[in-house]
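Novice: got a sequence here, can you model it:
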Amino acid sequence: LLQSYFKQQNVVASTTKQCDNLQNQIDSAGDEEDAFFIQNDLNLVKDNVMKATCRLDDIENDLKDVERLLKIVNPKLSWDREGGLIGTD
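Specialist: Numbering: from 1, shown residues only. Next up is the predicted model:
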């Protein structure tokens, strides 16, 4: 679950960067036809960003559920998300 979370964070970051690059290309495009095709590409990438962000939110909710369940099992357990370690307080 943690690996999926970090992987999805990278996907969101890279697709957001791709959106920024395409927007810069649209801003600097001299030809209206070129801008039209780049805008289509931008719309596709924006859809990918939205999907990736939704998936990241789903994983975040799953992580919160796991943390909540760990606290139910043993209130002294704590989970370090960065390292993926579970230990006691």
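Novice: please, where are all the helices along this protein?
Specialist: Secondary structure of the chain by DSSP state H: the helices cover 2-28, 32-73.
Novice: tell me, how many residues neighbour Glu33?
Specialist: By other Cβ atoms under 10 Å, 8 other residues sit near Glu33. Any C-beta I mention is one placed from the backbone N, CA and C, and that applies to glycine too.
Novice: could you check how far it is from Asn48?
Specialist: 24 Å (Cβ to Cβ, to the nearest Å).
Novice: CA atoms of stretch 29-49 as PDB?
Specialist: Once non-C-alpha atoms are left out, stretch 29-49 reads as follows in PDB (Å, rounded to 0.1, in the frame of the first residue of the first chain):
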ATOM      1  CA  ALA A  29       2.600  28.600 -30.100                       C
ATOM      2  CA  GLY A  30       2.400  31.000 -33.000                       C
ATOM      3  CA  ASP A  31       0.000  28.900 -35.100                       C
ATOM      4  CA  GLU A  32      -3.600  28.500 -34.000                       C
ATOM      5  CA  GLU A  33      -3.700  25.000 -35.400                       C
ATOM      6  CA  ASP A  34      -0.700  23.900 -33.400                       C
ATOM      7  CA  ALA A  35      -2.200  25.400 -30.300                       C
ATOM      8  CA  PHE A  36      -5.400  23.400 -31.000                       C
ATOM      9  CA  PHE A  37      -3.600  20.100 -31.100                       C
ATOM     10  CA  ILE A  38      -1.500  21.000 -28.000                       C
ATOM     11  CA  GLN A  39      -4.700  21.900 -26.200                       C
ATOM     12  CA  ASN A  40      -6.100  18.500 -27.000                       C
ATOM     13  CA  ASP A  41      -3.000  16.900 -25.500                       C
ATOM     14  CA  LEU A  42      -3.300  19.200 -22.500                       C
ATOM     15  CA  ASN A  43      -6.900  18.100 -21.900                       C
ATOM     16  CA  LEU A  44      -5.900  14.400 -22.000                       C
ATOM     17  CA  VAL A  45      -3.100  15.100 -19.500                       C
ATOM     18  CA  LYS A  46      -5.400  17.000 -17.200                       C
ATOM     19  CA  ASP A  47      -7.700  14.000 -17.200                       C
ATOM     20  CA  ASN A  48      -4.800  11.800 -16.300                       C
ATOM     21  CA  VAL A  49      -3.900  14.200 -13.400                       C
END
